[in-house]
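Asker: Generate coordinates for the sequence data below:
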Amino acid sequence: MRESLFGALESADAIAGARVLDLYAGSGALGLEALSRGGGSADLVERGRPAAAIVRRNAAIVAKASGLPPARVHESPVRAFLQRAAGPFDLVFSDPPYDLEDEAMTGDLIALAPLLSPDAIVVVERARRATPPDFAAAGLELFREKTYGDTTLWWGEPASEAEESQPAAESQSR
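Answerer: Predicted coordinates for the structure are as follows:
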C-alpha cells in the first residue's frame, strides 16, 4: 500500500519541496517517507508519549542517514496542534486510530482546512468499512479513493472557489 501511495504522490508531483504534515503519526513512517523522497519539511503529530519517543528516534535516524533536516515531532493531541499550527501544508497524512469517531475525524478536517495550501493533498487512511471522511464539511473535495485489503485511502483537496460559491448561490435563490 505505501509503495502504491508514494508512487501516486510522486506521479502527481505532490512530494518535491512539500511542507508535509503527518497527523496521528504512529511511527512517523508516512511523514518520514515523504521527507526522504524530497519533501521540504515534515511535522509529525503524535499524542502518546511512548509513540512520540519512537517518532523522535525514527526522525533522528532518517536525518542522520539522509543528511536532511530532522522532522519536527509534536507530542500533542491532533486537534490541539491544529489550533495552534501555522500553515500552509501541502501534503497531509491522517491515519487516525480505527476507533476514532466520525465526528472527531470531521472536526480534525475542519480544523485542518485553513492550514492548507491551495493545491494541498490530504490523504486519510481508515479501515475499509469505516465511513468515508466528510471532506465537504471542511470545504474539501474527494478526488480519489483506493482500497488495499482492509484499508482504504481517501484523497481530498481544497474545493475550487467556483464549487465553493455554487452551494451559496443555490441557497440564496431558494
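Asker: Spell out the residue ranges of the helices in this protein.
Answerer: 2-11, 29-36, 49-66, 78-84, 102-112, 161-173 (DSSP state H).
Asker: isn't residue 149 right next to residue 128, touching?
Answerer: Yes. If you go by C-beta atoms under 8 Å, residue 149 and residue 128 touch, sitting 7.4 Å apart. Using the backbone N, CA and C atoms, a C-beta is placed for each residue, glycine as well.
Asker: higher neighbour count, these two?
Answerer: Per other C-beta atoms under 10 Å, whichever of residue 149 and residue 128 has more neighbours is residue 128, with 10 against 7.
Asker: which residues does that one contact?
Answerer: Taking C-beta atoms under 8 Å, 6 or more residues apart in numbering, we find residue 128 in contact with 147, 149-152.
Asker: May I ask which of those has the most neighbours?
Answerer: residue 152 leads the contacts of residue 128 on contacts (other C-beta under 10 Å) with 18 neighbours.
Asker: That one contacts residue 131, correct?
Answerer: No. Look at residue 152 against residue 131 with C-beta under 8 Å: they stay out of range, at 10.4 Å.
Asker: Now do the contacts for the closest residue to residue 155 other than its chain neighbours.
Answerer: Leaving aside its sequence neighbours, residue 155 sits nearest to residue 144 (C-beta to C-beta, 6 or more residues apart in numbering; 3.8 Å). Counting by C-beta under 8 Å, 6+ apart, residue 144 makes contact with 8, 153-155.
Asker: what does residue 20 give?
Answerer: Neighbours of residue 20 in contact, by C-beta under 8 Å, 6+ apart: 31, 34-35, 39-43, 89-93.
Asker: what's the answer for residue 43, then?
Answerer: 19-22, 31, 71-72, 74, 85, 89.
Asker: which stretches of this structure have low pLDDT?
Answerer: For the chain, the stretches flagged by pLDDT under 70 are 161-174.
Asker: ok, now with 50
Answerer: 162-174 (pLDDT under 50).
Asker: Report the two of the contacts of residue 144 separated the most.
Answerer: Largest separation among these by C-beta to C-beta: 8 and 154, giving 12.9 Å.
Asker: neighbour-wise, which of those two wins?
Answerer: residue 154 (20 against 16).
Asker: Good, we can wrap up now.
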